[in-house]
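> Here is a sequence together with a model predicted from it:
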Amino acid sequence: MSRFIVCLLVAAASCSAAMAEDARRNVLFIISDDLNNLLGCYGDPQVKTPNIDRLAAKGVLFNKAYCSFPLCGPSRNSLLTGLYPNSTGIHANAQIFRQTIPSQLSMPQAFRQQGYFAARIGKLYHYNVPNSIGTNGHDDPGSWELELNPAGVDRLEEHPHIFSLTPNQFGGSLSWYASPKSDEHHTDAMMAKDADWVLERCAREKQRPFFLAVGFFRPHTPYVAPKSPYFDMYKESEMPVVQGIEEDRVDIPAAGLASQKKEQEKLTDDLRRQCRQAYYASISFMDTQVGVVVDSLERRGLADNTVIVFTSDHGYHMGEHGLWQKMSLFEESSRVPMLIVAPGLSKGVIAESPVSQIDLFPTLAELCNVRTPDNLQGQSLVPMLKDPTHIGRGWALTQVTRGGKRRNARSNSEADGPFFGYSLRTERWRYTEWDGGEAGIELYDHANDPRELTNQAENGQHRETKEQLSMTLRSAVTSSLPPDGKIPELKTGTWAPLLVDP
């Protein structure tokens, strides 16, 4: 008998005491990797994402949703604990919140301890993509009862064929490949098949509600997808190339552009088009796998009692401001897709008030009647799911780290060492301070400048707005800290996850 079947049978046998709670909603939590808002339901005119668009038509699309930190590890630790990175202490990859706040309950762990069957397929906490595919990566065992880690040809066979700006480096470098192998050979399709397998057993057993998390790897680099049909959907010659970059960058502080990598100087317009084509192809491939999972949920009669979440860990640049990938505080890097389908609540509507991914934990907990830790820092989005015009907090906070020498914008002197950038997104404005404003300030008016091309920080007409946003930002940063005001320190050496409460 396979380990997976044994795990499921043990889980089912242990849950007879929870039978009375069957009416609680299930959760299907789907997260993509390095996906920005280039989706049909978010208005992109070229990409083909019919399955994600179908989800948007069934629930609420949050048009201004933001990550807390535009990097996989910090973002995912934050999302899964409902705490800002300043309260998790995680500001880099290859780290887990158990090294800083070991007794904190994660979202899936809270569901698990209150009777849910909690399962993970693929990437939820941080993985080194692509080399950790097929392993647990930097996972948290206390969060799950079942972990499935398939690996397809994209990981096991195709690395020698992948084009990369830095040869033989794929995870952090722009890289892509149009695979000759069909869907079923690739990791994300294998995960979708595993999700179908788990859902079939959940529908058959029906002894506990489930929290099933599916973490797709695409469109993370390397952008690998089957050539047919996904690369063939997009003509390279029709891929857009961002123009006017030199003029745009004139008023951006150096810290705002520090996520640019040296290798990206090799990009020609032809390579930029190929990169965009491959990114689109990977998105459409991932979208197909989302359809496989959602179709399974519906086919097995589970959709009417299941909350579906679709999101990404952070946004992603495709050449805007001359930047690629992540780790900036511009809209493309900080903004994420976020869809919530909650049975019996709003359907096919758009919520415009800014929200954060740290809001997902309290939202799902309220929808499913799950108790949460007292220190969660997000707001419940249930009022918005009922009425998308509800304002809620009204802003979202995103932060990022910078290091090395920098020039003080006020004193024109040099400083050294790491520092933070913080960005506040309101319905109209994006306001960013680097090193408390010492390394630069940015202000963008989304009512008139949605591409964030003109920094209004020195525009005297917006002085009062800038001062108000600065006060709100500083208050938000204070609220992102734990009660003692100190960012938890990373503990090195061995550590053990908290599996159950004493």
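Now that the structure is in, tell me what you want to look at.

> Leaving out chain neighbours, which residue sits closest to the spatially most central residue of the chain?
With distances taken as Cα atoms, centre = their mean, residue 313 lies nearest the centre of the chain, 1.2 Å away. Take residue 313 and drop its neighbours on the chain: the residue closest to it by Cβ to Cβ, 6 or more residues apart in numbering is residue 75, 4.6 Å away. Just so you know, the C-beta spots here come from the backbone N, C-alpha and C atoms, and that holds for glycine as well.

> Run through the stretch 301-450 of the chain and note the low-pLDDT ranges.
Counting by pLDDT under 70, the stretch 301-450 of the chain shows low-confidence ranges at 405-413.

> what ranges do the strands span in it?
Secondary structure of the stretch 301-450 of the chain (DSSP state E, counting those that start in this stretch): strands at 306-312, 317-318, 324-325, 335-336, 338-341, 349-351, 355-356, 396-402, 406-407, 414-415, 419-425, 429-434, 441-445.

> In TSV, list these along with mean neighbour count and distance to residue 106.
Conversion of those to TSV gives the following (neighbours: other Cβ atoms under 10 Å; distance: least, Cβ to Cβ, whole Å):
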stretch	mean neighbour count	distance to residue 106
strand 306-312	23	15
strand 317-318	21	29
strand 324-325	25	27
strand 335-336	27	19
strand 338-341	25	19
strand 349-351	18	25
strand 355-356	28	17
strand 396-402	24	21
strand 406-407	19	35
strand 414-415	12	37
strand 419-425	23	24
strand 429-434	25	30
strand 441-445	21	33
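
> if we compare the ones you listed, which one ends up closest to residue 96?
If you check each of these against residue 96 by Cβ to Cβ, strand 396-402 wins as the nearest, at 17.6 Å.

> quick check: angle from the closest one to strand 429-434?
Going by axes from the mean of the first three to the mean of the last three Cα atoms, to 10 degrees, strand 396-402 is angled at 30 degrees with respect to strand 429-434.

> wait, the residue nearest to the centre of the chain sits on residue 338?
No - Residue 313 sits out of contact with residue 338 when judged by Cβ atoms under 8 Å, with a separation of 11.3 Å.

> List the contacts of the residue nearest to residue 87 when sequence neighbours are not counted.
The shortest distance from residue 87 to any residue other than its chain neighbours is 4.8 Å, reached at residue 482 (Cβ to Cβ, 6+ apart). Listed by Cβ atoms under 8 Å, 6 or more residues apart in numbering, the contact set of residue 482 reads 86, 87, 375, 488.

> mind checking pLDDT for residue 500?
As summarised for this prediction, residue 500 has a pLDDT of 37.

> returning to that earlier point: which element, helix or strand, includes the residue nearest to residue 313?
Using DSSP states H and E, the element containing residue 75 is helix 72-81.

> From the contact counts, what lies against that helix?
When contacts are defined as 3 or more Cβ pairs under 8 Å, 6 or more residues apart in numbering; DSSP states H and E, helix 72-81 packs onto helix 85-88, helix 107-113, helix 360-368.

> Just want the angle from that helix to helix 360-368.
30 degrees.

> Could you tell me the angle between helix 72-81 and strand 306-312?
Comparing the axes of helix 72-81 and strand 306-312 via the same axes, to 10 degrees yields an angle of 160 degrees.

> Dump the C-alpha coordinates for helix 72-81 into PDB.
Below are the C-alpha coordinates for helix 72-81, written out as PDB (Å, rounded to 0.1, in the frame of the first residue of the first chain):
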ATOM      1  CA  CYS A  72       8.900  34.300  -2.600                       C
ATOM      2  CA  GLY A  73      10.100  33.300   0.900                       C
ATOM      3  CA  PRO A  74       9.100  36.400   2.800                       C
ATOM      4  CA  SER A  75       5.800  36.800   1.000                       C
ATOM      5  CA  ARG A  76       4.800  33.100   1.500                       C
ATOM      6  CA  ASN A  77       5.800  33.100   5.200                       C
ATOM      7  CA  SER A  78       3.700  36.300   5.600                       C
ATOM      8  CA  LEU A  79       0.700  35.100   3.700                       C
ATOM      9  CA  LEU A  80       0.600  31.700   5.500                       C
ATOM     10  CA  THR A  81       1.000  33.200   9.000                       C
END
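
> quick one: average confidence on that helix?
Per-residue confidence for helix 72-81 averages out to 98 on the pLDDT scale.

> other SSEs contacting the longest helix along the chain?
What stands out as the longest helix in the chain, according to DSSP state H, is helix 269-299. The contact analysis (3+ Cβ pairs under 8 Å, 6+ apart) places helix 269-299 against strand 26-32, helix 50-58, strand 175-179, helix 187-205, strand 223-226, strand 306-312, strand 317-318.

> buried residues in the fourth one?
Neighbour counts using 16 or more other Cβ atoms under 10 Å place 187-199, 201-202, 205 of helix 187-205 among the buried residues.

> next one: stretch 99-115
Result for stretch 99-115 [16+ other Cβ under 10 Å]: buried residues 99-101, 104-115.

> can you check stretch 137-144 too?
If you call a residue buried by 16+ other Cβ under 10 Å, then stretch 137-144 has these buried ones: 137, 138, 139, 140, 142, 143, 144.

> Spatially, which two of the residues you listed are the most separated?
Within those, two members stand farthest from each other by Cβ to Cβ: 137 and 142, at 15.0 Å.

> for the residue nearest to residue 87, phi and psi?
Main-chain dihedrals, residue 482, degrees, to the nearest 10: phi -70, psi 170.

> so which of the strands of the stretch 301-450 of the chain gets nearest residue 472?
strand 419-425 (6.0 Å).

> Hmm, residue 123 is touching residue 215, no?
Yes - with contact defined as Cβ under 8 Å, residue 123 and residue 215 form a contacting pair (3.7 Å).

> Mind putting the buried residues of stretch 137-144 into CSV with secondary structure and pLDDT?
As requested, the buried residues of stretch 137-144 are exported to CSV (DSSP: H, G, I helix; E, B strand; the rest coil; pLDDT from 0 to 100):
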residue, secondary structure, pLDDT
137, coil, 92
138, strand, 93
139, coil, 96
140, coil, 96
142, helix, 95
143, helix, 97
144, coil, 98
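
> May I see those organised as CSV, with distance to residue 127 added?
As requested, those are arranged in CSV below (distance: Cβ to Cβ, whole Å):
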residue, distance to residue 127
137, 3
138, 7
139, 8
140, 12
142, 17
143, 14
144, 14
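
> what number of residues lie near residue 366?
The local packing count at residue 366 equals 15, with neighbours defined by other Cβ atoms under 10 Å.

> OK, contacts around it?
380, 382.

> quick one: the nearest residue to residue 116 once chain neighbours are set aside from residue 65, how far?
Computed as Cβ to Cβ, 6+ apart, the closest residue to residue 116 that is not its neighbour in sequence is residue 211, at 4.7 Å. Counting by Cβ to Cβ, to the nearest Å, the gap between residue 211 and residue 65 amounts to 21 Å.

> Same check on residue 236?
31 Å.

> per the record, what domains does the protein have?
As assigned by automatic domain parsing, the chain contains the domains 24-394, 397-479.

> correct me, but residue 400 touches residue 315?
No - under the criterion of Cβ under 8 Å, residue 400 is not in contact with residue 315, lying 11.8 Å apart.
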